[in-house]
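[1] Structure, please.
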Amino acid sequence: MALFYFMDKNALLVIDVQRYFFSPASGAYINNSESVLKRINKVVRFFSEKNCLIVMTKFISPEKESMMKNKWKRMPSPYESEFADELFIPRNTVVVEKKSYSSFKNTNLLEILEKNKIKRIFFAGAMTHLCVESTVRDSFENGYLSSVIRDCCTSSRPEMHRFSIKIMKHGFSKITSSGEVLNENL
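    Numbers count the residues shown, from 1 in each chain. You can find the predicted model right below:
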C-alpha cells in the first residue's frame, strides 16, 4: 500500500531550473547541478506518471530597477532564463514566470494551487537558500503542507544549502529525499 496520501492533492514545484544555474557556460553555474538535475527529472517523471500538478518557475530579470537588480552583479540574460536543456518538462506542466525570490510574489501561483485543490507541495530547484526557501516560507504562510526534496535542491555554496535545509526543517517544512518520494515512503 502506498503511503502517498491524497496523491491528487499534491503538487511538485520545480523552482528556477534554468540555464543560468545549470549550464556550465553561465557565470552562475552551480557545480553539483548535473547530478541534482538527474534526480529532479526522476521526480518530475514520477509526479507526471501519477497525474499530479507540476509547476515550474522561471526567474525573469525585472525590466526596471528593483532590489533584485541592485543586489546581484548580473541578472540572467533571456537565453539563461530558459529552462535547463536537460530538464524533463511534461506536456501539461504549468509554467510560472517570476521576478522575485518567492514564487508566490506577484504571480498566479496561489490561484493555480487553489484551482487544483492542492494541499501539499513538494519542492525542488535552485537556489535552496534563496528562491526555494522564500517560496517554502510563503507556502507555509498560505497554509500548505510543504515537503522539500533535499537532494533535488542546490545552492552555489554547499553550506548555504545545508543551513537552509535545517532552517526549513525547523520551522516550515518536512524534509525528504528523492528516494523516499520515488518509493512513496512519506
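[2] can you pull up the bridge partners for residue 123?
    Residue 123 forms beta bridges with residue 13, residue 148, as assigned by DSSP bridges.
[3] doesn't residue 153 make contact with it?
    Yes. Counting by Cβ atoms under 8 Å, residue 123 touches residue 153, with 6.9 Å between them. For the C-beta atoms, the positions are set from N, CA and C on the backbone; glycine is no exception.
[4] what touches both of these two?
    Listed as contacting both residue 123 and residue 153 by Cβ atoms under 8 Å, 6 or more residues apart in numbering are residue 132.
[5] longest helix of this structure?
    Secondary structure of the chain per DSSP state H: the longest helix is helix 33-49.
[6] what's in contact with the helix or strand following that one?
    Moving toward the C-terminus from helix 33-49, the next helix or strand (DSSP states H and E) is strand 53-59. Contact partners of strand 53-59, identified using Cβ under 8 Å, 6+ apart, comprise 10-18, 20, 44, 47-48, 76, 81-83, 87, 89-90, 92-99, 103, 107, 109, 112-113, 116, 118, 125, 131, 135.
[7] Only the buried subset of those, as a ChimeraX command please.
    Buried members of the contacts of strand 53-59, defined by 16 or more other Cβ atoms under 10 Å, are picked up in ChimeraX with:
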select :10,11,12,13,14,15,16,17,18,20,44,47,48,76,81,83,87,89,93,94,96,98,99,103,107,109,112,113,116,118,125,131,135
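[8] Inside strands: which ones of the contacts of strand 53-59?
    Those of the contacts of strand 53-59 mapping onto strands are 10-15, 94-98, 125, per DSSP state E.
[9] out of those residues, which one sits closest to residue 145?
    Residue 145 has its nearest neighbour among the ones in strands among the contacts of strand 53-59 in residue 10, at 8.9 Å by Cβ to Cβ.
[10] picking up where we left off before, spatially, which two of the ones in strands among the contacts of strand 53-59 are the most separated?
    Using Cβ to Cβ, the pair of the ones in strands among the contacts of strand 53-59 lying farthest apart is 10 and 97, separated by 23.0 Å.
[11] that older thread, tilt between the longest helix of the chain and strand 53-59?
    150 degrees (axes from the mean of the first three to the mean of the last three Cα atoms, to 10 degrees).
[12] how near is the closest residue to residue 101 other than its chain neighbours to residue 128?
    Excluding the flanking residues, the one nearest residue 101 by Cβ to Cβ, 6 or more residues apart in numbering is residue 134, at 3.8 Å. Distance of residue 134 to residue 128, given as Cβ to Cβ, to the nearest Å: 10 Å.
[13] repeat for residue 100
    Computed as Cβ to Cβ, the residue 100 to residue 128 distance reads 16 Å.
[14] Have a look at these two and say which one is more surrounded.
    residue 128 (31 against 17; other Cβ atoms under 10 Å).
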